[in-house]
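# Just need the structure, nothing else, for what follows:
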Amino acid sequence: MNKALTILAFILTAMPFSFLASQEKRKELSYDFDLAIDSVGWQTGENPSRLFEMPIYVAGRAYAAYQYERGNTLQYNKASNRNDYRLYGESYYRLSPDAMLYGCASFSMGQEQDVVGSAFYNPSAMPFDITFMDEANLANRKFEHYQILGALGYRLSKHFALGTKFDYHAINMARTKDLRHTNKVLAMNVTAGISYFVAKHFTLSAHYRYNRYIESVNFNIYGTTDQQYFSLINYGAFSGVQELFDSNGYTTKGSNTPFVENIHHAGFQLEFKPTDTFSVFSETVWGSLNGYYGKKGTSNVLFTHHSGYTLSEQLRINYTHGHAFHSLHFNAHIRKIDNYENLWRTETGTNGNSIIKYYGENLVGKKNLTTLYAEYSLSFGNFNNAPLWTFKLGSGMDIRNITAMVYPHYRKQKLKQFQYNANAIHQFNFRQINFMIDLHLAYKSGRGNKAFDGSFSANSQGGTMRYQNEFLNREYDYLTSNRFVAGATVRVAMPIGKLQSFVEVHYDSETMLSSANINNQQNLSFRLGVNF
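Numbers count the residues shown, from 1 in each chain. As a prediction, the model looks like this:
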């Protein structure tokens, strides 16, 4: 009952920001919200200043959803069963011919079964991980996710437009078996952008985005206290140092230790649109990042600090010929991080109190993640509202290059993962009912060096490097095993007054062709909502 009241209160609070009706009457409503947005090239960028140009046929949608995932645990930090309930709403609202507002609100909650692996919410992009040493210690995990997003685009004059966007996420997560941990995540993105319309068919834009991510982790036990729990401070590729719970370290009991990361982004966009039927949009975004794990101050320990950068590039080419809409999209993303562990000791201050003194640092991890992706899509029919046919072909590659160090020892890993996917989407009407069928197929594979262990100097004295090779093998299989992913999405939409209601069912199955550690995975989801 309390959970239902929480959800209801959240939705009622968020509705004014999200469920905003369009001010203009339209003879047709967009059956496919996502495909309508895809037809606007600059919409895939981060700059909100051109939001006022969004065509009015894109209005809004709201839905309730349920998702169920089942199968052998694929990644080391994933669950064998997952239930996810979600409420979601978003809309565009034209304030005037020169201003448009966008709002979005969502809430999701659920539970995962048979989870082990990581203590963090999403460890894949983090500079280090805290990994459980006992791979057989399975437990359930509960989570809640809140999001509120708002954006405004305003045209100041014939040549200039401004925009701003605010995106806020709050996530709560709890593992319900010793070694227990609760996570509280706060993620905030604030963006300000400007566009300069050089000529009728040429636009230059720039934006600044600030991202702040805080994840506090609180470790505890509620069972017998005579059992020892060990964690691996995973600097990379499941290697690092072993730590006993309740020691004065990363997993100190009840410490509520925060992981903090700040990223300052600067982005530039260019759009060339010589005709109404052809456009080229490009975007480059550079981000400078830094962060730490621990607490600042003389009475607390700042365990690590990290720094690095991100670089994103995208190019989108759109072309309309008659009733055919062509789109070619290239995307590249790089994230590079160096992680340092602080060297510290406890000393007695002048007043007899204990203070933390730092006397150096060690480079313990280097992570370089690269994602490349290209996709071509072709749509026939009235693509602004409901394209009759849409075909998509895509190909991508993920590259990870990781080095972990406990001097004089090191472990290196370099892997590549490949993906090839195809979609065929058909929409048709029967009287006042609209049907959509989406068939998709993907093939994934990978290769690379799972782990190369070595030493900088055979004669040097140093620390002892510990490993968690069970998770290493599982993760390697997940990233490199040959597999097919096949699935289908069916949606039925029909008018209810001035709204367009829809029911959507999605199912896909991931079939492993060669793996010793992981099996097949299945995903089933439902959506019930309205376009307005």
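# is His264 in a bridge, and if so with what?
Taking DSSP bridges as the rule, His264 bridges to Tyr210, Ser288.
# got a list of what it touches?
When contacts are counted by Cβ atoms under 8 Å, 6 or more residues apart in numbering, His264 touches 208-210, 287-289. Bear in mind the C-beta positions are built from the backbone N, C-alpha and C, glycine included.
# Mind giving me the PyMOL select for the residues you listed, buried ones only?
In PyMOL, a selection of the buried entries from these looks like this (16 or more other Cβ atoms under 10 Å):
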select buried, resi 209+287+289
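# For Tyr420, state which of the contacts of His264 is nearest.
Comparing the contacts of His264 against Tyr420 with Cβ to Cβ picks out Gly287 as the nearest, at 29.0 Å.
# Contacts only, for that closest one.
Counting by Cβ under 8 Å, 6+ apart, Gly287 makes contact with 209, 211, 263-266, 309-312.
# before we move on, back to that, of the contacts of His264, closest to Asn353?
Minimum separation from Asn353 among these (Cβ to Cβ) is found for Leu289, which lies at 34.4 Å.
# top strand in the chain by residue count?
Scanning the chain for the longest strand, with DSSP state E as the assignment, gives strand 354-380.
# Quick one: list the elements packing against that one.
With contacts defined as 3 or more Cβ pairs under 8 Å, 6 or more residues apart in numbering; DSSP states H and E, strand 354-380 has these neighbours: strand 230-236, strand 302-321, strand 324-348, strand 389-406.
# returning to that earlier point: just name the closest of the contacts of His264 to Ser255, please.
For the contacts of His264, the residue nearest Ser255 by Cβ to Cβ is Leu289; the value is 24.2 Å.
# per-residue pLDDT, the closest one?
Among the per-residue scores, Leu289 holds a pLDDT of 98.
# In contact with the closest residue to it other than its chain neighbours, which residues?
Across the structure, with Cβ to Cβ, 6 or more residues apart in numbering as the measure, the residue nearest Leu289 apart from its sequence neighbours is Ile263 (4.3 Å). Counting by Cβ under 8 Å, 6+ apart, Ile263 touches 210-213, 287-289, 310.
# Tell me where the stretch 401-532 of the chain has helices.
469-480 (DSSP state H, counting those that start in this stretch).
# Check the contacts of Gly287 for burial and list the buried ones.
By neighbour count, with 16+ other Cβ under 10 Å, the contacts of Gly287 hold 209, 211, 263, 265, 310, 312 as buried.
# Tell me which residues touch the second one, please.
It stands for Asn211. With contacts taken as Cβ under 8 Å, 6+ apart, Asn211 has the following neighbours: 187-189, 261-263, 265, 287.
# so where is the chain shaky, pLDDT-wise?
Filtered on pLDDT under 70, the chain yields the residue ranges 1-32, 35-36, 38-39, 41, 56-58, 73-74, 224-225, 382-385, 459-461, 516.
# How much space separates the residue nearest the centre of it from Gln75?
Per Cα atoms, centre = their mean, the C-alpha nearest to the average position across the chain is that of Asn122, at 8.6 Å. With distances taken as Cβ to Cβ, to the nearest Å, Asn122 is found 11 Å from Gln75.
# overlap in contacts of these two?
In the contact map built from Cβ under 8 Å, 6+ apart, no residue is linked to both Asn122 and Gln75.
# Send me stretch 132-152 as CSV with only the CA atoms.
Coordinates of the C-alpha atoms in stretch 132-152 are reproduced here as CSV (Å, rounded to 0.1, in the frame of the first residue of the first chain):
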residue,chain,number,x,y,z
PHE,A,132,32.4,-10.2,-4.3
MET,A,133,34.9,-13.1,-4.0
ASP,A,134,32.3,-15.7,-3.5
GLU,A,135,30.6,-16.3,-6.8
ALA,A,136,28.1,-18.7,-5.2
ASN,A,137,26.7,-16.2,-2.8
LEU,A,138,23.5,-15.4,-4.8
ALA,A,139,21.0,-12.9,-3.4
ASN,A,140,18.0,-10.8,-4.4
ARG,A,141,18.2,-7.1,-5.2
LYS,A,142,15.4,-4.5,-5.2
PHE,A,143,15.6,-1.2,-7.0
GLU,A,144,13.6,2.0,-7.7
HIS,A,145,14.3,4.6,-10.4
TYR,A,146,12.9,8.1,-10.7
GLN,A,147,13.5,10.6,-13.5
ILE,A,148,12.4,14.1,-14.3
LEU,A,149,13.5,15.9,-17.4
GLY,A,150,12.6,19.3,-18.8
ALA,A,151,13.9,21.3,-21.8
LEU,A,152,13.1,24.6,-23.4
